[in-house]
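>>> could you work out the structure for the sequence below:
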Amino acid sequence: MPVVRDTIHDILKIFQANLESALNGLQTLPQDAARDNVIIGNIAFAETPGNRSPSINDRLVLTVIKIEEEFTLKNQPAHRRNPVNGNLEYINPPAVLNLYVLLTANNNAYDKALLFLSRSIGYLQHQRVFTEENSVPVSGLGITRFNFNINLYSPSFEQINHIWGVLGGKQLPSVIYKLQLVSIQYEDEPQAGDEIRTIILGETIY
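Numbering: from 1, shown residues only. Here you go, the predicted structure:
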């Protein structure tokens with residue numbers, strides 16, 4: 001049966017784990033060490049009453065606010081050479097995506113929120129490429145190999161106002177990062193085909 005791996009979720013888990021490790025490693029945070037400082041959640045629910053698990057209160061919250069296709073890698077070949085038998089196989093090329101992730105310091109104390117943000121920005125300015133070789137191990141992932149870049153994204157005041165308007169809450173200390181080149185593929189059974197060796201034109205041009 002074809003398999004679609006939870007690539008977006010796995011990439012966010014990798015991002016979360018590395019950011020959590022970095023924040024804890026820089027300096028002891030004024031936080032309960034028994035719980036995570038960084039979580040994946042929808043910051044739009046920050047002011048919604050009711051209990052949520054896990055809680056997004058007093059934490060650095062990672063929220064995906066936009067997903068776009070990387071158009072420079074859109075026209076990839078729809079075939080590959082089987083390394084075992086040498087036959088040509090036709091496959092659907094992967095969708096290469098960019099994720100825009102909002103990092104929101106949803107802390108009760110404003111100075112603590114700024115502390116979370118400044119340390120996160122400092123770490124991500126240093127660690128801008130994530131691979132399976134330079135990342136902290138994360139269990140339970142559907143992917144074993146990955147390589148994505150991360151860059152700071154600076155929207156205008158108008159765009160910031162629109163983002164928080166869509167999220168439906170008051171603006172909190174936050175920053176946006178663009179995670180580039182996240183690849184997703186529907187791993188169907190490849191279809192074998194013969195290689196095109198000769199092209200015969202039946203039309204005569206005068």
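>>> where do the strands sit along the chain?
If DSSP state E is used as the criterion, the strands of the chain fall at 3-4, 38-40, 59-69, 79-81, 88-90, 95-106, 129-131, 147-153, 174-184, 186-187, 191-193.
>>> direction included, what does the longest one pair against?
Each strand paired with strand 95-106, and its direction, by DSSP bridges: strand 59-69 (antiparallel), strand 174-184 (antiparallel).
>>> comparing the ones you listed by mean pLDDT, which bottoms out?
Ranked by mean pLDDT, the strands paired with strand 95-106 bottom out at strand 174-184, with a mean of 86.
>>> ok, back up a step: could I get the strands of the chain as CSV with mean neighbour count and distance to residue 22?
For every residue, glycine as well, the C-beta is placed using N, CA and C. Below are the strands of the chain laid out as CSV (neighbours: other CB atoms under 10 Å; distance: least, CB to CB, whole Å):
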stretch, mean neighbour count, distance to residue 22
strand 3-4, 10, 30
strand 38-40, 18, 9
strand 59-69, 17, 11
strand 79-81, 12, 37
strand 88-90, 14, 41
strand 95-106, 21, 12
strand 129-131, 14, 12
strand 147-153, 15, 12
strand 174-184, 18, 13
strand 186-187, 12, 32
strand 191-193, 11, 44
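>>> mind putting those into JSON lines with distance to residue 23?
What follows is those, written out as JSON lines (distance: least, CB to CB, whole Å):
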{"stretch": "strand 3-4", "distance to residue 23": "32"}
{"stretch": "strand 38-40", "distance to residue 23": "7"}
{"stretch": "strand 59-69", "distance to residue 23": "8"}
{"stretch": "strand 79-81", "distance to residue 23": "41"}
{"stretch": "strand 88-90", "distance to residue 23": "44"}
{"stretch": "strand 95-106", "distance to residue 23": "11"}
{"stretch": "strand 129-131", "distance to residue 23": "16"}
{"stretch": "strand 147-153", "distance to residue 23": "15"}
{"stretch": "strand 174-184", "distance to residue 23": "14"}
{"stretch": "strand 186-187", "distance to residue 23": "35"}
{"stretch": "strand 191-193", "distance to residue 23": "47"}
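>>> of the strands paired with strand 95-106, which is nearest residue 138?
Evaluated over the strands paired with strand 95-106, closeness to residue 138 peaks at strand 59-69, with 14.0 Å, by CB to CB.
>>> what sits up against that closest one?
Residues outside strand 59-69 that contact it (CB atoms under 8 Å, 6 or more residues apart in numbering) are 8, 12, 15-16, 19, 23, 36-44, 46, 95-107, 116-117, 120, 163, 167, 176.
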